[in-house]
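Asker: one predicted model, sequence on top.
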Amino acid sequence: MPAPRLVAFDLDDTLAPSKSAIDPRMGELLVALAERVEVAVISGGQLAQFTAQVVDRLPDAAAAVRARIHLLPTCGTQYYRLTENGVRTVYAHSLTDDEKARALTAIEQEARRLGYWESETWGPILEDRGSQITFSALGQKAPLEAKTAWDPTGAKKNALRAAVAALLSDLEVRSGGSTSVDITHRGIDKAYGMRQLAEQTGIALDDMLFVGDRLDPDGNDYPVLAAGVPCHAVTGWEDTAAYLEELIPTLPER
């Protein structure tokens, strides 16, 4: 494929272990990539996670380089850019109070009915992210080992997603991270975020590259592949780093 003009990444298990900060090696690679092309991070997480996991861990870079970094929390229902003065909001499309209330009620009801509402957690199970309601079975700060052990096959998460979706026909209910289910407006997934990137930057989807760890048909990165965006599958942040070390020298310098 021709050299991409924009490279977008999933966050958890692509740039860093789940809910963890990026390694210094990854920070250096992201800045080196932004020196050549536009760089985007798109995930179901909220802005605070992007800031703690990525933005605060980036090495020093020129303002023009940082300006090429795009942040799309909650699968692109929010869009932010980096500036000399911090993070600038491009847009944020929030759920209504009624939509939030119905989503929170439905997901707690079904999680309890299915036996997935845990009594011992690392932080709140339910989170209002403005444009997204997120269920995290063990809480947002649960250690990776606990999350992996809770639902190693994804069967629990997929069963909960299906049960909640049946109650919220006007909203989008999808599998998120390893133990999470996300609820947004209809039609919201990572493909939506990529289309927003195309609209905001003027870069066609064909001229983009997406890197993610869940490009399988049941994965939350799959909608990007289905939308026709060129994709590269990885198995973790180390795999992503090795790929970038090969990719970056092939990209034209600005």
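Answerer: Perfect, thanks for sending it. Computed from a predicted structure; not experimentally measured.
Asker: where do the strands sit along the stretch 1-150 of the chain?
Answerer: Taking DSSP state E, counting those that start in this stretch, the strands of the stretch 1-150 of the chain run over residues 6-9, 38-42, 69-72, 78-83, 86-92, 126-128, 133-136.
Asker: would you mind putting the ones you listed into CSV with mean pLDDT, mean neighbour count and distance to residue 207 alongside?
Answerer: For the C-beta atoms, the positions are set from N, CA and C on the backbone; glycine is no exception. CSV is the format used below for the strands of the stretch 1-150 of the chain (pLDDT from 0 to 100; neighbours: other CB atoms under 10 Å; distance: least, CB to CB, whole Å):
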stretch, mean pLDDT, mean neighbour count, distance to residue 207
strand 6-9, 98, 24, 7
strand 38-42, 98, 24, 10
strand 69-72, 97, 24, 14
strand 78-83, 94, 19, 19
strand 86-92, 92, 12, 20
strand 126-128, 95, 16, 34
strand 133-136, 96, 26, 31
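Asker: distance to residue 52 added to these, as TSV?
Answerer: Putting these into TSV (distance: least, CB to CB, whole Å) gives the following:
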stretch	distance to residue 52
strand 6-9	16
strand 38-42	13
strand 69-72	12
strand 78-83	14
strand 86-92	12
strand 126-128	15
strand 133-136	16
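Asker: do you know which of the ones you listed lies nearest residue 113?
Answerer: The minimum distance between residue 113 and the strands of the stretch 1-150 of the chain falls on strand 133-136, with 13.3 Å, by CB to CB.
Asker: for the closest one, which strands pair with it and how are they oriented?
Answerer: Within its sheet, strand 133-136 is paired with strand 126-128 (antiparallel), strand 180-185 (antiparallel), according to DSSP bridges.
Asker: in the stretch 151-254 of the chain, which spans are strands?
Answerer: For the stretch 151-254 of the chain, applying DSSP E, counting those that start in this stretch gives strands covering 171-175, 180-185, 208-212, 231-233.
Asker: nearest to residue 241, out of the strands of the stretch 1-150 of the chain?
Answerer: When those are compared by CB to CB, strand 6-9 sits nearest residue 241, at 11.3 Å.
Asker: packing partners of the closest one?
Answerer: Identification of packing neighbours for strand 6-9 by 3 or more CB pairs under 8 Å, 6 or more residues apart in numbering; DSSP states H and E yields strand 38-42, helix 190-201, strand 208-212.
Asker: adjacent strands (with direction) for it?
Answerer: Sheet partners assigned to strand 6-9 using DSSP bridges are listed as strand 38-42 (parallel), strand 208-212 (parallel).
Asker: dump those strands to JSON lines, plus distance to residue 58.
Answerer: Shown next, in JSON lines, are the strands paired with strand 6-9 (distance: least, CB to CB, whole Å):
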{"stretch": "strand 38-42", "distance to residue 58": "10"}
{"stretch": "strand 208-212", "distance to residue 58": "17"}
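Asker: closest to residue 202 out of those strands?
Answerer: strand 38-42 (10.3 Å).
Asker: from the chain's centroid, how far away is that closest one?
Answerer: The chain centre lies 10 Å from the centre of strand 38-42; the measure is CA atoms, centre = their mean, to the nearest Å.
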